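Colleague: return a 3D structure for these sequence lines:
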Amino acid sequence: MVAAESPSPTAIDERALDARLAELRAAKDKTVRAEAARTAGTAMGLGLKIGVELVVSVIVCAAIGWGIDKVAHSAPAGMIVGLFVGFAAGLRNVFRSAKTTSAKWTAAIEADAAAAKDR
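Modeller: Predicted coordinates for the structure are as follows:
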């Protein structure tokens, strides 16, 4: 009777490694797709957030400028400067939100392309 050879402890099971790699890729793709779905589901909320941030920043800065005008008796210079500063701050927030959203979408698209390539 011939004893069955046992694999050496240093032997690599390529099938098991390939299966584990496929599991990890699927888990990563699932996570990225879930993030993209959340991003897509909140697109309307993101639009409202951007609009509100823009309007509120203009109103707050204009109010601060108006307050400075009342104290310094320099109407309407402070309010005009406040409007411009508020508009600039609002645009900065809009660009920051767009950059964050763009990064999420890019990651999701790359994950979808990688998943399609693996199939």
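
Colleague: just give me the neighbour total for residue 28.
Modeller: 13 (other Cβ atoms under 10 Å). Quick note: C-beta positions are derived from backbone N, CA and C, even for glycine.

Colleague: can you check the one 5 residues further on too?
Modeller: As a burial measure, residue 33 scores 14 neighbours (other Cβ under 10 Å).

Colleague: what is the helix or strand hosting it packed up against?
Modeller: Using DSSP states H and E, residue 33 sits in helix 14-41. Packing partners of helix 14-41 (3 or more Cβ pairs under 8 Å, 6 or more residues apart in numbering; DSSP states H and E): helix 77-118.

Colleague: so what secondary structure elements neighbour the helix it packs on?
Modeller: When contacts are defined as 3+ Cβ pairs under 8 Å, 6+ apart, helix 77-118 packs onto helix 14-41, helix 43-72.

Colleague: deepest of those helices, which one?
Modeller: Neighbour counts averaged per stretch over the helices and strands packed on helix 77-118 are highest for helix 43-72, at a mean of 15; criterion: mean count of other Cβ atoms under 10 Å.

Colleague: can you give me the offset of it from its chain's centre?
Modeller: Centroid displacement of helix 43-72 relative to its chain, using Cα atoms, centre = their mean, to the nearest Å, is 24 Å.

Colleague: SS state for residue 75?
Modeller: Here residue 75 is recorded as coil under DSSP: H, G, I helix; E, B strand; the rest coil.

Colleague: for the chain, which residues score under the pLDDT cut-off?
Modeller: Low-confidence segments of the chain (pLDDT under 70): 1-11, 36-41, 119.

Colleague: can you tell me how far residue 84 sits from residue 77?
Modeller: 11 Å (Cβ to Cβ, to the nearest Å).

Colleague: how near is the spatially closest residue to residue 82 that is not a sequence neighbour to residue 71?
Modeller: By the measure of Cβ to Cβ, 6 or more residues apart in numbering, the closest residue to residue 82 outside its immediate chain neighbours is residue 65, 2.4 Å from it. Counting by Cβ to Cβ, the separation of residue 65 from residue 71 is 11 Å.
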